[in-house]
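J.: Return a 3D structure for these sequence lines:
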Amino acid sequence: YFLVPEASISKRVFSTQYDTRETGLLLCLDMYLEASKYEKSWCVRKLGFVCNELASYNLNLISLEESIQEDVAKKLLKQSFEHYKSALSYFQDCSDIHNIALVYSNLGKVMRISGQLQAR
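T.: Residues are numbered from 1 along each chain as shown. Next up, the predicted model:
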């Protein structure tokens, strides 16, 4: 365990409303980014997990909504792609080959869905 000098993390945890899963994941991302300033080796893999989950969350929103507007779907796909790129970078930093493979697989899903949207 390590101590983060500022109390800003705990303030955010106890003052945030968790309306959606995305809100909680974004809070986790902020907290791990802040903690990585003090203990990078411990946080890099966790950051990869959170970015991967954020991207998967956006992909699931597209999959669950059959009549989703094309512009909304494209925005969610772009966000997913960016989150997966971040996850890939974090996993490469800690040489986690299993999760690197998982992220590449998930990027394939993004490309497949993108192709399906363009074929509409």
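
J.: make it CA atoms for all contacts and neighbour counts henceforth
T.: Fine.

J.: Run through who's touching stretch 61-73.
T.: Contact with stretch 61-73 is made by L76, L117, as judged by Cα atoms under 8 Å, 6 or more residues apart in numbering.

J.: Sorry, slip of the keys, the one I care about is stretch 79-87.
T.: With contact meaning Cα under 8 Å, 6+ apart, stretch 79-87 is reached by 47-52, 54-56, 58-59, 103, 106-107, 110.

J.: for that stretch, the distance to its chain's centre please.
T.: Centre-to-centre, stretch 79-87 and its host chain are 6 Å apart (Cα atoms, centre = their mean, to the nearest Å).

J.: do the same with stretch 33-42
T.: Relative to its chain's centre, stretch 33-42 lies at 17 Å (Cα atoms, centre = their mean).

J.: same thing with stretch 67-75?
T.: A distance of 19 Å separates the centroid of the chain from that of stretch 67-75, by Cα atoms, centre = their mean.

J.: buried residues in that stretch?
T.: Across stretch 67-75, burial judged by 16 or more other Cα atoms under 10 Å covers A73, K74.
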